[in-house]
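# Need the 3D shape of this:
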Amino acid sequence: MPKRKKFGIVTDVVLIDIINFSELASEKQLEIISFLTQSYKRMIHKILLNSNMSLEKLVLGFIPTGDGFYCVLNPKFKGFGSILGLSFNHFSDHIAKKYPYFEGIRIAVNHGVVNEFTDILGNKNFIGSGLNDCSRFLELKNFTISTVMVSDTAYEALKSFLQRHKDFDTLLLQREFKHSNYYTFFDKHGHEKKGRLIWLRKSGIINPPNINFNSMI
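Below you'll find the model as predicted:
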């Protein structure tokens, strides 16, 4: 069973947001969100195939936002959310080459609490501070294209993940993983947030570890 804190699940959340999506004409909104969704769907299918695992083993759920989506990871893969965000970011340049009006995507990663519920259509859905706080990190004024913004909790989860999976630590070094110093800022509600920008000088898609799902992590 997923690790629960109080009434929630503690895990990584990745948020994809299309820059200035609302300023596009309706037909361009449909065009770009369709292409982005299909691109990420193929990418996720590929990494699952490469790691020989089902979607449910890696991801608890996806939540569309209109101009992007949240990806809620299974807590067995806590810390991998930042690496998945880097893989998602790899597609930004490819999309820009196909659609000149595309200004890029912003990606934020948080590690926090989410709560599962059944929505009005009977589908599994999620709410919680882990999602809400993730969106707050897109408010950073220093956000730059080709980087991923990770919260302080997500960055600590990443460090723990790399300690458990030394091969991934080596892989990130080979791909020239970089990070900024911590940024501290206040969100629109006046709450202090702290996080780092991370990026790869040699970008690409990184498969998740094929772990023993019954093992303790």
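# helices and strands around whichever strand in the chain runs longest, which ones?
Longest strand in the chain, counting residues (DSSP state E): strand 105-118. Strand 105-118 is packed against strand 8-18, strand 59-64, helix 81-89, strand 124-127, helix 129-136, strand 148-151, helix 152-164, with contacts defined by 3 or more CB pairs under 8 Å, 6 or more residues apart in numbering; DSSP states H and E. Quick note: C-beta positions are derived from backbone N, CA and C, even for glycine.
# which residue packs closest to L73, ignoring adjacent ones?
Distances taken as CB to CB, 6 or more residues apart in numbering place D12 nearest to L73, at 4.4 Å, with adjacent residues excluded.
# between the longest helix along the chain and strand 8-18, how many degrees?
When the chain is parsed with DSSP state H, its longest helix is helix 26-51. Counting by axes from the mean of the first three to the mean of the last three CA atoms, to 10 degrees, helix 26-51 points 130 degrees away from the direction of strand 8-18.
# Now do the buried residues in helix 26-51.
For helix 26-51, a neighbour-count test (16 or more other CB atoms under 10 Å) marks 29, 31-33, 35-36, 40, 43-44, 47-48 as buried.
# in its sheet, what does the longest strand of the chain sit against?
strand 8-18 (antiparallel), strand 124-127 (antiparallel), strand 148-151 (parallel) (DSSP bridges).
# Can I get the longest one in CSV? Just the C-alpha atoms.
In other words, strand 8-18. Extracted as CSV, the C-alpha positions of strand 8-18 are listed here (Å, rounded to 0.1, in the frame of the first residue of the first chain):
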residue,chain,number,x,y,z
GLY,A,8,-2.9,11.4,2.4
ILE,A,9,-0.3,9.8,0.3
VAL,A,10,3.3,11.2,0.3
THR,A,11,4.7,11.2,-3.2
ASP,A,12,6.2,13.2,-6.1
VAL,A,13,4.0,15.4,-8.2
VAL,A,14,5.1,16.7,-11.7
LEU,A,15,3.3,19.7,-13.2
ILE,A,16,3.5,20.5,-17.0
ASP,A,17,2.3,24.0,-18.0
ILE,A,18,2.2,25.5,-21.5
